[in-house]
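# sharing a sequence plus its predicted fold:
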There are 2 protein chains.
Amino acid sequence: MKYLFSTFLLFALFILPASAETGYELWLRYHKIQNTELLNGYLGQIKSFNVVGSSATHDVIRNELSAGLSGLLGQTFEPSTSSKASLLAGLSDEPTIAQYLSESELTQLGKEGYLVKAISQKESSRFLITAKDPVGLLYGTFHFLKLLQTNQNLASINILENPKVDIRILNHWDNLDRTSERGYAGFSIWNWHKLPDYLDQRYIDYARANASIGLNATVLTNVNANALVLTPAYLEKVKALADLFRPYGIKVYLTARFSAPIEIGGLDTADPLNSDVTNWWEEKVKEIYEHIPDFGGFLVKANSEGQPGPQNYGRSHAEGANMMADALKPFGGVVMWRAFVYSSEEPDDRAKQAYSEFNPLDGSFRPNVLVQVKNGAIDFQPREPFHPLFGAMPKTPVMMEFQITQEYLGQATQLVYLAPMWKECLDADTYVNGQGSTVSKVVDGSLHDYSITGIAGVANTGTDINWTGHPFAQANWYAFGRLAWNPDQTAQQIAEDWIRMTFNNHPKTIAALSDMMMNSWEASVNYMTPLGLHHLMGTGHHYGPAPWVSNLSRADWTPVYYHKADAFGVGFDRSENGSNAVSQYAPEVAKIFNSKDEIPEKFLLWFHHVGWDFEMNSGRTLWNELAFRYQDGVNTVRKMQEQWQSVQPKIDDERFKSVQMLLTIQEKEAVWWKDASLSYFQTFSKRPIPDKVEPPKRSLEYYQSLKFPFAPGIRPSW
Amino acid sequence: MKYLFSTFLLFALFILPASAETGYELWLRYHKIQNTELLNGYLGQIKSFNVVGSSATHDVIRNELSAGLSGLLGQTFEPSTSSKASLLAGLSDEPTIAQYLSESELTQLGKEGYLVKAISQKESSRFLITAKDPVGLLYGTFHFLKLLQTNQNLASINILENPKVDIRILNHWDNLDRTSERGYAGFSIWNWHKLPDYLDQRYIDYARANASIGLNATVLTNVNANALVLTPAYLEKVKALADLFRPYGIKVYLTARFSAPIEIGGLDTADPLNSDVTNWWEEKVKEIYEHIPDFGGFLVKANSEGQPGPQNYGRSHAEGANMMADALKPFGGVVMWRAFVYSSEEPDDRAKQAYSEFNPLDGSFRPNVLVQVKNGAIDFQPREPFHPLFGAMPKTPVMMEFQITQEYLGQATQLVYLAPMWKECLDADTYVNGQGSTVSKVVDGSLHDYSITGIAGVANTGTDINWTGHPFAQANWYAFGRLAWNPDQTAQQIAEDWIRMTFNNHPKTIAALSDMMMNSWEASVNYMTPLGLHHLMGTGHHYGPAPWVSNLSRADWTPVYYHKADAFGVGFDRSENGSNAVSQYAPEVAKIFNSKDEIPEKFLLWFHHVGWDFEMNSGRTLWNELAFRYQDGVNTVRKMQEQWQSVQPKIDDERFKSVQMLLTIQEKEAVWWKDASLSYFQTFSKRPIPDKVEPPKRSLEYYQSLKFPFAPGIRPSW
């Protein structure tokens, strides 16, 4: 009766969902404040609210304050029209509002910025939210609600915020058939079939979530694009979404398939210098703007991984991008042209290719073109040094592309908080204008005085009830928005806010969860690709370890191309003795990356082929250090499991059990990575597994035999 | 500023989701009873509950009563251990329970049956739920909760229920990649990638929902099968689901791909008479039962639509089914062998094929084989006459296959309540043993004394938060379960229970919604395929009208094959002058179907090619009647819109708006069907559109030009 026993065990795991928390609410979780002293204090301070003025966004603000205050404070709040309301929200030019604003405040307030402050009158404190534009008012509203959600003291608040980056955008790699490339939370949230007439509540809640963290743009479709989205039937559907998103300040963008003039236009070429082609795009853009007057523009992946592009016609990326930019210019649209390219010939070092192709084009793009560059030069690896194009295109707005969806970082089943990774990149010093020339200063435009700036995140949303699959993957969506608004915020502060809003304000919860989150990325690097290793994942789906794969149609798709393990050692020599990729960085940086001794060990094997007995900072040999790092990653996951267990009394049952199961999987997967990787590298190093490192459980052949025919996240063949 | 206007309009549609009802709870919606008199009455009667005994199912019952009573009665109910509890639940052989049971009650109680009754003691009324098996106790528990949900008087309840059918099973046409063939509610609810370690809360709620309506079995995988589900890695995943479902009385079945011995077994044949093949299946079945000791068995689609089968080796369906049945027999498993077959040669009349192939095999199947037959002879059309195999296989258990998912009945966007359709089939008289030989008596085994009986429904569940896409599609899942338990219940009664449990008990709600539901199917038949027309849907996806399609690779896949419209008239001649499909029915039935004058008009064009000027019962010509029916279907949808509007004050906002939008789409689609169909048929009839029928809005060419490249519900190519 073995099965009965396991059934009983399972039952210990579940309770009924009567008041279960599914996670659908995300961080906009307006549950009643538990601390009664605090609650009473807030109730004394906030008795009514008045949103002055009218627009669709004002209506959104009224609804959000109604729901937020009613939920958080446990009594019904309806909009008031009294100028004596304890919370006043309105544009800065409303007379009711203007009287409370100083010249200096008005000067400081930017287009999308907001001011949230306490205004004291005759002992009674009141609160003001204002902005120059309705969407700024909405951002301020969410900030005010966040203050309550995170249990802050309102007494003397005075917060003036402006975003540091213009275009704060999600990239959805979502196909028209609702599959989602590299999506691990189910399928696309866009139900194209039922649009434009059926407007899912999710679309509204998606817009609320984005606006609450300051995101102002979204690309609805996959960079591996389908031209059909540009046909009239689909533009009606896109328009329906754009209409819904507009009051939330979110502009809609589309991916433009370069060969669309052929596929849906009936032309026999897509040559960007052909006048039929330029006419076709001009007409198409006009048609789009007739549907969507504030359409944002195009995101384009061209001449990369099989996508068509200008090089098919002997034209440059600039010529392709400029053709589209010219069509968009009359309407204020922009082109985001991706630098993630690789040519059909196999390069000596793929890491060098984007720089090699784009650096020479600096200055030749139209002003409404941004070049969108991934954080690192390969492809969203667990850790990469910053991309050498940051700082290398002073005359061209270079925008950042981060990946929120965890393609290489644990996919559906691992808790990996990505903000520390993004911060490592944003804080990295390019030295292109001397010390302090950080990547974030490139991205926010201050280093090169860009006229337009942007930061993109490849979305991790899907049809799962909780939006992101792993409950903690919500934190990555949240953190992306927060960093896009202001890249100088800390990962720790963002994590704490998210924990408070998503779970609760108990100090033990915050301490345990923020520690788990802040350690999770380094742990994942350690148990997957420590010390600068990269691209060792399973073919196609990128699920799990496969460092042994060597027989794909292109060498630069195989793990062996990247790790180059042999009897001497391991690592890709990108020093001046190797591919010389280091030369793409500023001299100060190149010098450090070029030296086995000066380079931070976290990047060692990215830039160097290093002997197994090389002495590391720890005093261990490289081989022992490698083994130690793998084990350390596993150990950290086990500690995360303990930390999660410790907060069980403070977390609702459904989310607690969900994360508990996922951490169990993560521990298994971490051990699998360690065991498979060490078994494989040991065939080269011929050295024993050191003490304190658990020896692999199974044979290398076992790990090599594993197959995952339906691992999620793959683009279908249609 | 056109777009601002539409934005404002949209905003009238949405409010914030603070207390929104997503529909996730289905009919297990334990919200506090609104009628305070009734509530107080219940509170006086039910003060505590005691579930006597222990098993995993007993734990489920305790949880369900806790959640149900606490929610419905608005105060916390925890399980008690007092024998004086006002609600006692326990097996009939528990001494605490047995004292209240009569011999007659014990005799009447079947294996899965239950008794729910009031027991009066000294003026205080108490309630008893009992059964012989824990799962019966669970069914009784759900029945008791339903009494409260539907606001019934408990004073003298005395309900003894036994299911009329043994195997009450869902068929999920779900693929391992999570696509769902003919699914319109998102993707498969089985997350194979995260199984077996991640057990989604949905799996539990799925089991609760099924148990609440008496379903006791589920086939997890598509009839267009993938052999990989039989490999060890997937059997671990199947086991995890089976372990979860077991306490709910739900047995797991799998589809068995006939060629699995080749694809995953390394054999070079799947010939059912080859001893390597029989050995392979024997070993495979043994392996399955090692994982899942109560595994139910196999569902097989063989030699149909490209699926492999015994005929590939010159063997009969019986030889194929019996080979698998022999492997399953030692473990108590069964084979459900589908009769939905068609050979590679095109038949003169596809409607005849299943009967022609299976009728001669009656008596040659093993006792643990059931032949699974669709309700009609073509393919789940909006209306079909009952399948001639019902009654034609007295020596072989013939089980029913209904389609809950609305492949041909409005898919994602139409409110079509299917119970009246299923009832029309179940209540149809086959006359095989004289008058009163209804299909339901074939299915429940009483007509031919079958040793095993079954009824299958092709599931309509998906990843949409509300499970079924259209909120009213939940009613079809619900009604299927209720009819599988007892095919003699009425569609009206089931609809009313569902409305009360899913929305509320207000008489106006019940009146309006039940009227909408009860009229919806006939309306859909009228606006799509009136008077016996069939199979006129778009190619492949079956979305929308395409009666003009004539150029597919097989004639019997084209609409023109089925409607045979010409200058004389329209309809498929299956009379004795035509394909003589009527001869497959009992003589009493055949005689009626054979006569243009005696046949019910709803089946006229199914069996006859009828002249455009044929006089119908209404006195109209066939052409005018056809046009009238199309219009009548549209009119009914418009009435449904009004009825829905009338209950707005009584329905929560999220579900109200959702159904409102869907009815708008349904009206558009109904008009589209009418306009496209009449435009097309008019090219043959050459007669004018009659008065009171709205003329088509667009040209026939327009309707013919419409393309739906990503209509949902298609099986992917991988």
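Received the coordinates, thanks.

# packing partners of the helix or strand hosting A:Ala511?
Following DSSP states H and E, one finds A:Ala511 within helix A:507-528. Contact here means 3 or more C-beta pairs under 8 Å, 6 or more residues apart in numbering or on different chains; DSSP states H and E; on that basis helix A:507-528 packs against helix A:419-426, helix A:491-502, helix A:622-646, helix A:653-685. Just so you know, the C-beta spots here come from the backbone N, C-alpha and C atoms, and that holds for glycine as well.

# out of the ones you listed, the one nearest chain B is which?
Nearest to chain B among the helices and strands packed on helix A:507-528 is helix A:653-685 (4.8 Å), distances taken as C-beta to the nearest C-beta.

# can I get the following helix or strand past the closest one as CSV, trimmed to CA atoms?
The element immediately downstream of helix A:653-685 (helix or strand, assigned by DSSP H and E) is helix A:700-705. Presented in CSV, the C-alpha positions along helix A:700-705 are these (Å, rounded to 0.1, in the frame of the first residue of the first chain):
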residue,chain,number,x,y,z
LEU,A,700,28.3,11.1,-16.8
GLU,A,701,26.6,8.8,-19.3
TYR,A,702,23.4,9.1,-17.2
TYR,A,703,23.4,12.9,-17.4
GLN,A,704,24.2,12.8,-21.1
SER,A,705,21.2,10.5,-21.7
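
# show me which residues of the stretch 401-550 of chain A sit near chain B.
Residues of the stretch 401-550 of chain A lying near chain B by C-beta under 8 Å from any C-beta of the partner chain: A:412-413, A:463-465.

# related to what we said a few turns ago, avg pLDDT for the helix holding A:Ala511?
Averaging pLDDT along helix A:507-528 gives 98.

# give me the residue from the stretch 501-650 of chain A nearest chain B.
For the stretch 501-650 of chain A, C-beta to the nearest C-beta, closest residue to chain B: A:Tyr543, 8.3 Å.

# which of the helices or strands spans the residue nearest to that residue when sequence neighbours are not counted?
Once flanking residues are discounted, A:Tyr543 sits nearest to A:Ala711: 4.2 Å by C-beta to C-beta, 6 or more residues apart in numbering or on different chains. A:Ala711 is part of no helix or strand, with elements assigned from DSSP H and E.

# roughly how far apart are A:Ala711 and B:Phe614?
59 Å (C-beta to C-beta, to the nearest Å).

# tell me the contacts of the residue nearest to A:Ile465 when sequence neighbours are not counted?
Distances taken as C-beta to C-beta, 6+ apart put A:Thr22 closest to A:Ile465, at 4.7 Å, once the chain neighbours are dropped. Under the criterion of C-beta atoms under 8 Å, 6 or more residues apart in numbering or on different chains, the neighbours of A:Thr22 are A:465-466, A:654, B:24, B:201.

# for A:Asp632, state which of these is nearest.
A:Asn466 (30.0 Å; C-beta to C-beta).

# sorry, back to before: can you report how many residues neighbour the residue nearest to A:Tyr543?
Number of residues near A:Ala711 (other C-beta atoms under 10 Å in any protein chain shown) recorded here: 19.

# isn't it right next to B:His193, touching?
Yes. Using C-beta atoms under 8 Å, A:Ala711 is in contact with B:His193, at 6.0 Å.

# point out the residues in the stretch 201-350 of chain A that sit beside chain B.
A:201-202, A:204-205, A:228, A:243-244, A:246-247, A:292-293.

# low pLDDT regions in chain A?
A:1-19, A:121-123, A:344, A:715-718 (pLDDT under 70).

# mind running it again at 80?
Where chain A drops to pLDDT under 80, the residues are A:1-20, A:120-124, A:342-347, A:713-718.

# domains in it, by residue range?
A:4-161, A:167-490, A:526-572+A:609-705 (automatic domain parsing).

# what's the first-to-last distance across the shortest one?
Between the opening and closing residues of domain A:526-572+A:609-705 there is a gap of 23 Å (C-alpha to C-alpha, to the nearest Å).

# and what of stretch A:335-347?
With C-alpha to C-alpha, one end of stretch A:335-347 sits 27 Å from the other.

# buried stuff in that stretch?
A:335-342 (16 or more other C-beta atoms under 10 Å in any protein chain shown).

# quick one: which of the residues you listed sit in strands?
Cross-referencing the buried residues of stretch A:335-347 against strands under DSSP state E gives A:335-338.

# just send those back as a markdown table, with distance to A:Arg315 too.
Formatted as a markdown table, these follow (distance: C-beta to C-beta, whole Å):
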| residue | distance to A:Arg315 |
| --- | --- |
| A:Val335 | 15 |
| A:Met336 | 18 |
| A:Trp337 | 13 |
| A:Arg338 | 16 |
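
# and the residue nearest to the spatial centre of chain A, what does it touch?
The centre of chain A sits closest to A:Ile404, judged by C-alpha atoms, centre = their mean, with a distance of 3.0 Å. Each residue near A:Ile404 by C-beta under 8 Å, 6+ apart is listed here: A:170, A:418, A:457-460, A:476-477, A:480.

# switch the cut-off to 6 Å
Applying C-beta atoms under 6 Å, 6 or more residues apart in numbering or on different chains to A:Ile404 gives the contacts A:457-460, A:476-477, A:480.

# and those residues, which is closest to chain B?
A:Asn460 (15.5 Å).

# in which helix or strand would I find A:Met399?
For A:Met399, the host element (DSSP H and E) is strand A:398-403.

# C-alpha coordinates for that strand, PDB please?
Taking Å, rounded to 0.1, in the frame of the first residue of the first chain, the C-alpha atoms of strand A:398-403 are listed here in PDB:
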ATOM      1  CA  VAL A 398      22.200  52.900 -27.200                       C
ATOM      2  CA  MET A 399      19.400  51.300 -25.100                       C
ATOM      3  CA  MET A 400      19.700  48.400 -22.700                       C
ATOM      4  CA  GLU A 401      18.000  45.100 -23.200                       C
ATOM      5  CA  PHE A 402      17.700  43.000 -20.100                       C
ATOM      6  CA  GLN A 403      16.000  39.600 -20.000                       C
END
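
# run the chain-centre distance for that strand.
Computed by C-alpha atoms, centre = their mean, to the nearest Å, the chain-centroid distance of strand A:398-403 equals 9 Å.

# equivalent analysis for stretch A:285-299, please.
25 Å.

# same check, this time on stretch A:672-679
Distance, centroid of stretch A:672-679 to centroid of chain: 28 Å (C-alpha atoms, centre = their mean).

# number of nearby residues for the closest residue in space to A:Phe472 that isn't next to it in sequence?
Nearest non-adjacent residue to A:Phe472, counting by C-beta to C-beta, 6+ apart: A:Leu415, 4.5 Å away. By the measure other C-beta under 10 Å, the count of residues near A:Leu415 is 26.

# mind checking the SS state of A:Leu415?
Counting by DSSP: H, G, I helix; E, B strand; the rest coil, the backbone at A:Leu415 sits in coil.
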